[in-house]
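Chemist: Prediction below, plus the sequence it came from.
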Amino acid sequence: MHTDKPLAMLGGLSIKVFLQDYWQKKPLFVKSAFPDISNMISADELAGLSLEPHIESRLIQEHKNNQWLLEHGPFSDARFSELPESHWTLIVQAVDHHIPEFSQFLDSFKFIPSWRLDDIMITYATDQGSVGPHYDYYDVFLIQLDGKRQWQSGQQCDENTALLPDLPVRILSQFNANDTWNVEPGDLLYLPPGMAHHGVANGECMTLSVGFRAPSNKDLLSSYTDHQLDQIKDNQRYADPDLQPQNNTGWIPPSAIKKVKEQLLSSLDSPNALENWFGQYMSAAKYEDERSGDISEDNIEPLNIGDVLLCCHEGVPFLRDETSRLVYTGKVSDRPELLFINGHQTNFPESADRLVQLCCHHRSLPPNELENALSHPQNQVFFLHLLEKGVFYAAD
């Protein structure tokens with residue numbers, strides 16, 4: 001990756017400069033960052049997604065006197081016919097899981113590690129529609145799909161920032177606007193975590209949000225300890241062969257506290273435990289009912305490698321399943337050591353280093369590079385297995 005090369009979507013900034021000066025530091029607005037992005041999805045198509053029970057969606061209405069109404073999908077056609085002409089917003093999560101074009105769009109953000117990506121959220125708003133002044137705990141790129149919207153950014157917030165009480169949505173009790181942008185289709189606005197912001201539709205509009213994963217310390221610790229509980233044997237118990245007499249039997253001395261601390265830390269810090277857990281954690285599906293199957297090299301049934309190579313030769317790409325997540329670890333980036341697919345560690349042949357890198361880096365595998373990576377027979381068997389498991393599929 002050429003980190004010094006200017007990127008149009010970053011307003012001519014290089015990746016290096018963006019990460020150094022803007023990422024998690026300050027907002028960036030780019031006019032016409034994606035000039036051809038309009039018409040990717042219609043308002044009716046987005047509403048259609050919100051009718052599906054397996055797709056997460058919300059409806060937010062603003063009423064007089066700072067009153068807000070929040071509804072969770074799935075919705076019905078009848079519900080939309082009951083809504084007023086203004087001041088409401090439809091939000092649909094993980095649109096990239098259901099429409100391949102949006103999944104491929106995420107490749108525009110390869111300058112951020114893929115394991116930090118969360119999903120694409122799309123909002124449709126009627127005139128004056130908004131979700132109120134608020135802040136997020138994660139980085140977000142806001143890209144205008146259709147219509148116009150005014151964005152304002154404000155103060156930096158944290159968990160101590162006051163919110164309006166007794167509301168179903170998180171609305172700041174005070175919003176101090178510092179910058180204002182009137183955005184049109186193709187415009188991009190990056191906002192770092194914790195920055196207050198407020199967007200209001202000027203007529204009907206749609207906005208695409210690329211959000212990033214920012215797990216809390218509480219979530220990380222909870223997941224890691226759960227992972228380790230499955231690994232720790234029950235016969236590892238508290239012991240004190242160096243026990244000394246003490247004057248009061250109810251006293252817990254510092255030496256006992258130290259011993260418990262060392263015992264717990266040794267249980268959590270077992271060899272390779274953190275690496276294994278974090279790879280599984282960051283590759284796990286966003287929703288529990290997605291891509292939950294384990295992938296291993298057992299019981300591989302070879303498919304027709306000739307068809308795969310023919311696709312490569314004819315320039316037909318293989319696309320990653322929209323819900324699949326692939327990451328790897330290693331001491332250096334070009335030598336994968338552990339591969340994780342959809343929350344599971346997955347074995348791969350020693351010859352497959354380049355193939356693993358391709359699969360983890362691209363949502364659309366470059367045909368020429370894939371063909372080269374499949375020159376080894378073991379790599380062919382491994383890739384056929386990924387196809388059989390539905391991790392990749394041939395583009396139409």
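Modeler: Everything's here; your move.

Chemist: My assumption is that Ser255 lies in a helix; please confirm.
Modeler: Yes - judged by DSSP: H, G, I helix; E, B strand; the rest coil, Ser255 forms part of a helix.

Chemist: who's in contact with the nearest residue to Pro317 once chain neighbours are set aside?
Modeler: Setting aside the residues directly before and after it, Pro317 is nearest to Ser364 in space (Cβ to Cβ, 6 or more residues apart in numbering), at 4.6 Å. Yep, even glycine has a C-beta here, placed from its N, CA and C like the rest. If you count contacts by Cβ atoms under 8 Å, 6 or more residues apart in numbering, Ser364 has them with Gln104, Asp107, Pro317, Phe318, Leu319, Arg320, Ala395.

Chemist: For ChimeraX, write a command that selects the buried ones of those.
Modeler: Burial among the contacts of Ser364 is assessed by 16 or more other Cβ atoms under 10 Å; the matching ChimeraX selection reads:
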select :104,317,318,319,320
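
Chemist: Just the ones of the contacts of Ser364 in strands?
Modeler: Counting by DSSP state E, the part of the contacts of Ser364 found in strands is Phe318, Leu319, Arg320.

Chemist: Distance of the second one relative to Gly279?
Modeler: This means Leu319. Using Cβ to Cβ, to the nearest Å, we find Leu319 at a distance of 23 Å from Gly279.

Chemist: ok, back up a step: between the contacts of Ser364, which is nearest Leu142?
Modeler: Ranked by distance to Leu142 (Cβ to Cβ), the contacts of Ser364 are led by Asp107 at 18.5 Å.

Chemist: ok, the closest one touching His362?
Modeler: Yes - Asp107 is within contact range of His362, at 6.9 Å (criterion: Cβ atoms under 8 Å).

Chemist: where along the stretch 101-250 of the chain do the helices fall?
Modeler: 217-229 (DSSP state H, counting those that start in this stretch).

Chemist: so where is the stretch 151-300 of the chain shaky, pLDDT-wise?
Modeler: Scanning the stretch 151-300 of the chain with the threshold set as pLDDT under 70 gives 271, 290-300.

Chemist: Which residue ranges of it form strands?
Modeler: Ranges of strands in the stretch 151-300 of the chain, per DSSP state E, counting those that start in this stretch, are 179-183, 188-191, 195-212.

Chemist: Glu56 is nearest to which of the ones you listed?
Modeler: Judging the strands of the stretch 151-300 of the chain by Cβ to Cβ, what sits closest to Glu56 is strand 195-212, at 12.7 Å.

Chemist: pLDDT score for Glu314?
Modeler: Here, the pLDDT recorded for Glu314 equals 95.

Chemist: Please report the distance of it from His2.
Modeler: 29 Å.

Chemist: repeat for Ala395
Modeler: Going from Ala395 to His2 by Cβ to Cβ gives 26 Å.

Chemist: Repeat that for Gly211.
Modeler: For Gly211, the distance to His2 - Cβ to Cβ - is 26 Å.

Chemist: who's more crowded, the two?
Modeler: A side-by-side neighbour count of Gly211 and His2, using other Cβ atoms under 10 Å, places Gly211 first with 19 against 9.

Chemist: If that one is in a bridge, with which residues?
Modeler: Counting by DSSP bridges, Gly211 is bridged to Asp119, Val140.

Chemist: just checking, it touches Leu142?
Modeler: No - assessed by Cβ under 8 Å, Gly211 is found out of contact with Leu142, at 9.9 Å.

Chemist: circling back: can the contacts of Ser364 go into TSV with extra columns for distance to Pro253?
Modeler: Below are those laid out as TSV (distance: Cβ to Cβ, whole Å):
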residue	distance to Pro253
Gln104	61
Asp107	58
Pro317	65
Phe318	62
Leu319	62
Arg320	56
Ala395	67
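
Chemist: can you redo the contacts of Ser364 as JSON lines with distance to Leu370 and pLDDT?
Modeler: Shown next, in JSON lines, are the contacts of Ser364 (distance: Cβ to Cβ, whole Å; pLDDT from 0 to 100):
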{"residue": "Gln104", "distance to Leu370": "16", "pLDDT": "95"}
{"residue": "Asp107", "distance to Leu370": "15", "pLDDT": "94"}
{"residue": "Pro317", "distance to Leu370": "8", "pLDDT": "95"}
{"residue": "Phe318", "distance to Leu370": "7", "pLDDT": "96"}
{"residue": "Leu319", "distance to Leu370": "11", "pLDDT": "96"}
{"residue": "Arg320", "distance to Leu370": "12", "pLDDT": "96"}
{"residue": "Ala395", "distance to Leu370": "12", "pLDDT": "92"}
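
Chemist: Looking at the contacts of Ser364, which is nearest Leu265?
Modeler: Using Cβ to Cβ, Arg320 comes nearest to Leu265 of the contacts of Ser364, at 38.1 Å.

Chemist: Show the contacting residues for that closest one.
Modeler: Residues near Arg320 by Cβ under 8 Å, 6+ apart: Ser103, Leu326, Cys359, His362, Arg363, Ser364, Leu365, Val391, Phe392.

Chemist: Name the nearest of these relative to Glu350.
Modeler: Nearest to Glu350 out of the contacts of Arg320 is Cys359 (Cβ to Cβ; 15.8 Å).

Chemist: The closest one and Lys261: what is the separation?
Modeler: Noted for Cys359: a distance of 41 Å to Lys261, by Cβ to Cβ.

Chemist: Neighbour count for the two, which is higher?
Modeler: Cys359 (27 against 10).

Chemist: Pull the contacting residues for that one.
Modeler: Arg320, Leu326, Leu365, Leu386, Val391, Phe392.

Chemist: Also His87?
Modeler: Applying Cβ under 8 Å, 6+ apart, we find His87 in contact with Gln61, Glu62, His63, Thr126, Asp127, Gln128, Gly129, Ser130.

Chemist: and those, which are buried?
Modeler: Gln61, Glu62, Thr126, Gly129, Ser130.

Chemist: how about the residues you listed in TSV, adding distance to Asn248 and pLDDT?
Modeler: Formatted as TSV, those follow (distance: Cβ to Cβ, whole Å; pLDDT from 0 to 100):
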residue	distance to Asn248	pLDDT
Gln61	63	97
Glu62	62	96
Thr126	70	98
Gly129	66	97
Ser130	63	97
